[in-house]
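Asks: next come a sequence and a model predicted from it.
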Amino acid sequence: MNDNPIDTTIYAAVTEAIQDEARRILSEGSVSAVVGYAAARRKGSAQPVVITQADDAGKLIFSAACVNNLAVYLTKAKKEIPKAGKIGIVVKGCDLKALVGLMGESQLKREELYLIGVPCAGVLASTAQPARELTGDTIAPKCRECDNHLPQGCDFVPDQRPVTLELAGKYSAEIARLEAMTPAERWAYWKEQFKKCIKCYACRQVCPFCFCEQCLCDRNKPQMVETTPRPAGNTAWHIVRAMHLAGRCAGCAECERVCPMDIPLNLLNRKMAKELKELYDYEAGFEVREKGPLAMYDEKDDQSFIK
Amino acid sequence: MQKFISQQNLGRLLDKLIADGKRVIAPRMDAGTPLYGPLADAAGIVLDQLPRRSAKETFFPVCEDIMSYGKEGQQVTLRDVSPASFPETILVGVRPCDAAAIPVLDAVFSWDYQDEFFLERRRRTTIVGLACTQADDACFCTAVGLSPAAPKGSDLFLTPVEGGGYACETFTGKGEALVNNHGELFAEPNGAPALPLAEPQTEKFDLKKVKAWLDDHFEDPAWDSIAVRCIGCGACAFLCPACHCFDIVDEGTEKAGKRRKSWDACGFWKFTHHASGHNPRDLQPKRYRNRIMHKFKYYDDKFGQTLCTGCGRCIRFCPVGIDIAAIVDEISKK
């Protein structure tokens, strides 16, 4: 238990600064749209919003309920977002890594984006109760290990500095627990988790890196992965996804947040990230790189696993 | 028939049913998540949380085999799944929003085709509903004409009363049979007042007005602004007690396999993708429009009621915060 409140008092000033900046860039015409967050009906709730008029800038907010990684709206899967000209987007530090990764994969061009960075003290783990106070208990697990409270390299960042709490990390401890298991125990753990999957594909749809025009898992000629929500197809789906995201996943943890069945998906992604760091000294960061370790060949690569 | 059952006797009833070989489905924790599922004993029941998925899966499982096939040389064998093998079930602790969706599903599964898998499970199940004493701001059963005390769909309905235990009222022969077969556990009504019911705060929708607008606005710019943030997953439909779309696929090899029926959702791009390559609902706003139209117009046109019982699950778990109550309210004000 850590019900110490986390100081989110800067969010009011951050909100005001985001509104002013969005108003300015929309009225100047330097962007065609701004993707941000707006308040929603339920007390304390927020939802993604796309605004195209300076008059709507007042709708934008930033609060602990602004959990979404808005980068998903800029991937090619989202054809509905206006594509003409530059797009403004509100980004937390964690979300920025995804945008950088997408630039490296030629999905986005830096010059087509106007990045409004958010000084962030953390967001809620879940929006099932959006009015909950942000505390050591309610904060998103990814925020516990965050070192990007101030996004780097943005076009605009409000002049506020978040106060953060020292919180024990969850993923590293959980990975250590799983690594200490025998392979059979670990397999049993994941089987139990994947058994819960209902194939709603919220994890895929919310992921900025799942931008394939057609997902392998939707193919039926031939069927690559059993589509029904049963152990075989569920396991195949989650392993395919973990492999596909290895070295690409930026750790926004949206997959885990949105899973209605509480499957710890970011744990898989963090484990893969750890492997990539150890094997290739590679990790998702803030530098645009055109090649990832699993997308290139180097003669010095370890080949001892080929038998 | 009105009766009273104490907390202890409700536990005894569930344990007795389980001991008698009946399948008792109730809310319980499943690897940390509250879900309806078979109880091992009465102590496992969890009545203070709305299960993450609705009670529909008791009749309409997430995935089920409906046939199996095998091929040896030129010999092909087909084996049907017999609904006669479905167990007798008592479904307990069902919230009014979940119970009310079950008669809504009955209409769909017995309309132009009698879905024996759904209908046989229905025949073999007794539903024990439970009045709701807690609501959050995602709950809106009262806005769609139900209430935390609505017995719609329940064979027997329990209302927690002051001093502990439940007032029970039977609504069907199945409910009466359950009480009569275990008469020693039920007492005469003790007159204790009901505990305060949940009070969902959402204002009542004018569903006639909503439908009237939908009747005339298949094409409207509002759909774009409503659905621009939808990411096209199936979480809302899968958690919904009333959504009932399914897919049927054959899985296996040339030699042996199963034909399976599993949940599907109109939010998916693939849902209306034709073999020709054409997709009549090619953009997400068209798919989200279908969801609203189906719930508040198409189902009403066909069956004279609304395909939404206000449980609020789709609101609580939408990855991008889409709030169906806010959308219906917006439409009703147009």
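Replies: Perfect, I can see it now.
Asks: just checking, B:Pro34 touches B:Pro51?
Replies: Yes: look at B:Pro34 against B:Pro51 with Cβ atoms under 8 Å: they come within range, at 4.8 Å. For every residue, glycine as well, the C-beta is placed using N, CA and C.
Asks: for these two, indicate the residue with more neighbours.
Replies: The neighbour comparison of B:Pro34 against B:Pro51 (other Cβ atoms under 10 Å in any protein chain shown) goes to B:Pro51, with 25 against 18.
Asks: which residues does the more buried one contact?
Replies: B:Pro51 sits next to B:Pro27, B:Pro34, B:Leu35, B:Tyr36, B:Asp98 when contact means Cβ atoms under 8 Å, 6 or more residues apart in numbering or on different chains.
Asks: would you mind writing the CA trace of the strand or helix carrying the last one as PDB?
Replies: Looking back up the chat, that one is B:Asp98. In this structure, B:Asp98 sits in helix B:96-109 according to DSSP states H and E. Output in PDB follows, covering the C-alpha atoms of helix B:96-109 (Å, rounded to 0.1, in the frame of the first residue of the first chain):
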ATOM      1  CA  PRO B  96     -30.500  -6.700 -13.100                       C
ATOM      2  CA  CYS B  97     -28.600  -5.200 -16.100                       C
ATOM      3  CA  ASP B  98     -27.200  -8.700 -16.900                       C
ATOM      4  CA  ALA B  99     -30.400 -10.600 -16.300                       C
ATOM      5  CA  ALA B 100     -32.500  -8.200 -18.400                       C
ATOM      6  CA  ALA B 101     -30.200  -8.800 -21.400                       C
ATOM      7  CA  ILE B 102     -31.100 -12.500 -21.400                       C
ATOM      8  CA  PRO B 103     -34.700 -12.200 -22.700                       C
ATOM      9  CA  VAL B 104     -33.300  -9.700 -25.200                       C
ATOM     10  CA  LEU B 105     -30.900 -12.400 -26.500                       C
ATOM     11  CA  ASP B 106     -33.800 -15.000 -26.500                       C
ATOM     12  CA  ALA B 107     -35.500 -13.100 -29.200                       C
ATOM     13  CA  VAL B 108     -32.400 -13.100 -31.400                       C
ATOM     14  CA  PHE B 109     -31.500 -16.700 -31.000                       C
END
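Asks: now what about it, what contacts it?
Replies: Contacts for helix B:96-109 (Cβ under 8 Å, 6+ apart): B:51, B:54-56, B:59-60, B:115, B:118-119, B:122, B:127, B:129-132, B:139, B:141, B:146-154, B:241-242, B:244, B:299, B:303, B:305, B:307, B:309-312.
Asks: re earlier: list residues touching both of B:Pro34 and B:Pro51?
Replies: Counting by Cβ under 8 Å, 6+ apart, the residues touching both B:Pro34 and B:Pro51 are B:Pro27.
Asks: pull up the residues of the stretch 101-250 of chain B that are close to chain A.
Replies: B:136-138, B:224, B:227-229, B:231-235, B:237-239, B:247, B:249 (Cβ under 8 Å from any Cβ of the partner chain).
Asks: buried ones among those residues?
Replies: In these, burial by neighbour count holds for B:136-138, B:224, B:227-229, B:231-235, B:237-239, B:247, B:249, counting by 16 or more other Cβ atoms under 10 Å in any protein chain shown.
Asks: next step: those residues restricted to helices.
Replies: B:Asp224, B:Ala227, B:Ala235, B:Ala237, B:Phe238, B:Leu239 (DSSP state H).
Asks: could you check how far the first one is from B:Glu72?
Replies: To tie it back to what came earlier, the one meant is B:Asp224. 55 Å (Cβ to Cβ, to the nearest Å).
Asks: helix/strand/coil for the most centrally placed residue in chain A?
Replies: Closest to where the C-alpha atoms of chain A average out (Cα atoms, centre = their mean) is A:Cys252, at 2.6 Å. When classified by DSSP: H, G, I helix; E, B strand; the rest coil, A:Cys252 comes out as coil.
Asks: and what of B:Phe218?
Replies: With three-state DSSP as the criterion, B:Phe218 reads coil.
Asks: in what helix or strand does the nearest residue to B:Ala43 once chain neighbours are set aside lie?
Replies: The shortest distance from B:Ala43 to any residue other than its chain neighbours is 7.3 Å, reached at B:Gly11 (Cβ to Cβ, 6 or more residues apart in numbering or on different chains). According to DSSP H and E, B:Gly11 maps onto helix B:7-19.
Asks: and that helix, what does it pack onto?
Replies: strand B:23-30, strand B:89-94 (3 or more Cβ pairs under 8 Å, 6 or more residues apart in numbering or on different chains; DSSP states H and E).
Asks: show me where chain B has strands.
Replies: For chain B, the strands defined by DSSP state E cover B:2-5, B:23-30, B:33-38, B:63-72, B:75-80, B:89-94, B:125-130, B:156-160, B:166-170, B:246-252, B:256-263.
Asks: same question for the stretch 51-200 of chain A.
Replies: Remark: strands assigned in the stretch 51-200 of chain A by DSSP state E, counting those that start in this stretch are A:87-91, A:113-117.
Asks: and the pLDDT for residue 222?
Replies: No chain was given, so I picked chain A. If you check A:Pro222, the pLDDT there is 80.
Asks: the intended chain is chain B.
Replies: For B:Ala222, the predicted pLDDT is 93.
Asks: same thing with A:Thr164?
Replies: So A:Thr164 comes in at 84 (pLDDT).
Asks: how much space separates it from B:Gly129?
Replies: Distance from A:Thr164 to B:Gly129, by Cβ to Cβ: 47 Å.
Asks: more neighbours: those two, which one.
Replies: Ranked by neighbour count (other Cβ under 10 Å), A:Thr164 and B:Gly129 place B:Gly129 first, with 31 against 16.
Asks: can I assume that one is in contact with B:Leu158?
Replies: Yes: contact criterion Cβ under 8 Å: B:Gly129 and B:Leu158 qualify, at 6.7 Å.
Asks: quick revisit: any chance of CSV for the strands of the stretch 51-200 of chain A, columns distance to B:Phe86, mean neighbour count and mean pLDDT?
Replies: Output for the strands of the stretch 51-200 of chain A, formatted as CSV (distance: least, Cβ to Cβ, whole Å; neighbours: other Cβ atoms under 10 Å in any protein chain shown; pLDDT from 0 to 100):
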stretch, distance to B:Phe86, mean neighbour count, mean pLDDT
strand A:87-91, 51, 24, 96
strand A:113-117, 56, 22, 97
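Asks: just for the stretch 201-334 of chain B, where's the confidence low?
Replies: Scanning the stretch 201-334 of chain B for pLDDT under 70 picks out nothing.
Asks: which parts of it are helices?
Replies: Along the stretch 201-334 of chain B, counting by DSSP state H, counting those that start in this stretch, helices occupy B:207-216, B:222-227, B:235-239, B:284-293, B:299-303, B:313-317, B:324-332.
Asks: go on, chain A?
Replies: Using DSSP H, helices in chain A cover A:10-28, A:93-104, A:141-144, A:171-179, A:183-195, A:202-206, A:231-245, A:254-258, A:265-280.
Asks: put together JSON lines for those, with mean pLDDT and distance to chain B on each row.
Replies: Below are the helices of chain A laid out as JSON lines (pLDDT from 0 to 100; distance: least, Cβ to the nearest Cβ, whole Å):
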{"stretch": "helix A:10-28", "mean pLDDT": "97", "distance to chain B": "16"}
{"stretch": "helix A:93-104", "mean pLDDT": "94", "distance to chain B": "14"}
{"stretch": "helix A:141-144", "mean pLDDT": "94", "distance to chain B": "14"}
{"stretch": "helix A:171-179", "mean pLDDT": "94", "distance to chain B": "14"}
{"stretch": "helix A:183-195", "mean pLDDT": "95", "distance to chain B": "6"}
{"stretch": "helix A:202-206", "mean pLDDT": "96", "distance to chain B": "4"}
{"stretch": "helix A:231-245", "mean pLDDT": "93", "distance to chain B": "8"}
{"stretch": "helix A:254-258", "mean pLDDT": "97", "distance to chain B": "4"}
{"stretch": "helix A:265-280", "mean pLDDT": "92", "distance to chain B": "13"}
